[in-house]
Structures are given as structure tokens and as C-alpha cells.
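> model this:
(chains A, B and C)
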Amino acid sequence: MRIPEFNESISVKEAREIQEKLRKEVITVDSYSKPIKNLLAMDVSYLKAGDELGAIALLYSYPELNLLEESFVRKKSTFPYIPGLLAFRELPPLLEAMKGIKSEIDILLVEGQGIAHPRRFGIASHLGVLLDTPSIGCAKSLLWGKHSGVEKGKGSYAYILDQEEIIGVALRTREGARPIYVSQGHKVSLDTAGEIVLSLVKTYRLPEPLRSAHIKSKLMMTGMV
DNA sequence: GCGACAG
DNA sequence: ATCTTGTCGC
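Numbering: from 1, shown residues only, chains lettered A, B, ... in the order given. Below you'll find the predicted structure:
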């Protein structure tokens, strides 16, 4: 898979303009032909002190979830964390990590929002559009929109709304745990995104691939491995 | 001005 | 995101 260049020296204003321009490319209906046979889980970890980011990409077979490939890179941060502009901070290292993955990728699972974003262009949508690959956004907390209460049982959900528009789902993946926030990244419908995420949940709140990515990137970053 | 605010 | 042990609750 060819990885595009990413302009890392832009202003906050330009970043928002890029989102407004690229949001037009997002496709929010299922738009892939071949069955999904693998999935790339991606996450970024930090160190308490310092300005380095550690990005990891784990390729799993789907739906068996056997780890097929793994790539990790460290990179200096070039953009601050600003709500709504997370992609400009984390995409550079994530794209770098993807260069270490040899196989063709069927779908991307990204830590963060898809279209559940003020400009409908969270990091998962951004990555999906740049690579023209189906992607799903999966976040641990809400950035944009409102939702009603979610029933107690696993699999229950409530739509995330911005006015009248549905921009994602608050999905209960485990009883007694707060819901997670799933939204279309690119080329997948909300239904499909929710179904895939739920199929990846085993024992914990987070889907297994993202949970592993969290743990592994943290270990790599702290030099524990 | 006030409140909200992915990682 | 990150700093951190025990502890309350199902």
C-alpha cells in the first residue's frame, strides 16, 4: 500500500481548512467489494515527559484475529493536541508506522472519531480518505454530539446526534462499563461499523485489536520490549 | 464571556 | 495522552 506524504508544517487555520476540503470525499455507506479478511488496528502512545509519539499498527486476520504483521515507530511531535485537530498530531507517526506493513489492508480501525466530529472529519475519516481505504473510528469518549442513555446490556446503543443528524453510536460493549463511541471513518456504513466493532469485542470494553495496540505501543514506548 | 473539549 | 495503589462494587 502506497503511503502519501503529509504536510506537517501548517497552521491551525490551515488544518481546519484542509478538513473542510477533504470532508467532501468521505463516503458513509458500505463501499467495498471483497470480504474483509484483515484489519489494521492503530494507536499512538506518549511519554509523560518529552515530545515524542509512538505509533503502532497491528494487522490481524479477520474474523479469526490472528496477528499477521506488526509495526512501531517513534517520532517527534510536530503539532499540539487541539480538540478537533487530533489527526494533525497523530497521522504523521501513524502513516510512518503503516510503511512497515507489507500486506494489502482491507479495513482500518482507528483510536478516535470518524465523522462524529464538528466538521465530520475525525482522524479515522482522515486516514481512510488519504489511503482510500475503508475505516472505522472507535473512541473512548465523546468529542461532538449528544446521545440519550444506553441500555445496560452488551450490544445496546444510542445514536450520537448533532441536531437531527446521526453521526455515530454510543455502544455498550460490556455490562457495567461506559459505552465506546463508534462512527464511520470512510467507505463503511454506521451499521457495518457497529457490527464489526462488536465482533471484535471479547472480554473487555475495547475491541481486542485496539486494546492490544494500546498495550503494545505503551510497552514499546517505555522500552519494556 | 461561558462551557465543551478524541488523544 | 500521562502520573499511579489500593479499593469500592458487581
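> burial measure for the residue of chain A found nearest DNA strand C, as a count.
Nearest residue of chain A to DNA strand C (Cβ to the nearest atom of the strand) works out as A:Lys48 at 3.2 Å. The C-beta positions use only the backbone N, C-alpha and C, and glycine is treated the same way. Neighbourhood size, A:Lys48 [other Cβ atoms under 10 Å]: 5.
> dump the residue contacts of it.
Taking Cβ atoms under 8 Å, 6 or more residues apart in numbering, we find A:Lys48 in contact with no residue.
> cool, and A:Leu142?
A:Leu142 neighbours (Cβ under 8 Å, 6+ apart): A:Ala116, A:Ile160, A:Ala170, A:Tyr181.
> Now it. Its backbone dihedrals?
phi -90, psi 140 (degrees, to the nearest 10).
> Now do the strands in chain A.
A:38-46, A:52-61, A:67-76, A:108-111, A:135-139, A:157-162, A:165-171, A:180-186 (DSSP state E).
> Using TSV, lay out these together with mean neighbour count and mean pLDDT.
Formatted as TSV, the strands of chain A follow (neighbours: other Cβ atoms under 10 Å; pLDDT from 0 to 100):
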stretch	mean neighbour count	mean pLDDT
strand A:38-46	24	98
strand A:52-61	22	98
strand A:67-76	17	98
strand A:108-111	26	98
strand A:135-139	28	98
strand A:157-162	18	98
strand A:165-171	22	98
strand A:180-186	29	98
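> closest one to A:Lys24 among the ones you listed?
Taking Cβ to Cβ, strand A:180-186 is the member of these nearest to A:Lys24, at 12.1 Å.
> Could you check how far the most centrally placed residue in chain A is from A:Met42?
Central residue of chain A (Cα atoms, centre = their mean): A:Val110, 1.6 Å from the mean position. Per Cβ to Cβ, to the nearest Å, A:Val110 is found 5 Å from A:Met42.
> can you check A:Val201 too?
In terms of Cβ to Cβ, A:Val201 sits 17 Å off from A:Met42.
> Ok, A:His117 next?
Distance from A:His117 to A:Met42, by Cβ to Cβ: 17 Å.
> Just the residues contacting the longest helix anywhere in chain A, thanks.
In chain A, assigned by DSSP state H, the helix with the most residues is helix A:208-221. Identification of contacts with helix A:208-221 by Cβ under 8 Å, 6+ apart yields A:39, A:41-47, A:52, A:54-58, A:60, A:65, A:67, A:70, A:72, A:74, A:109, A:111, A:138, A:200-202, A:204, A:206, A:225.
> Once you drop chain neighbours, what's closest to A:His186?
In space, A:His186 comes closest to A:Gly128 once its chain neighbours are excluded; the distance is 2.7 Å by Cβ to Cβ, 6 or more residues apart in numbering.
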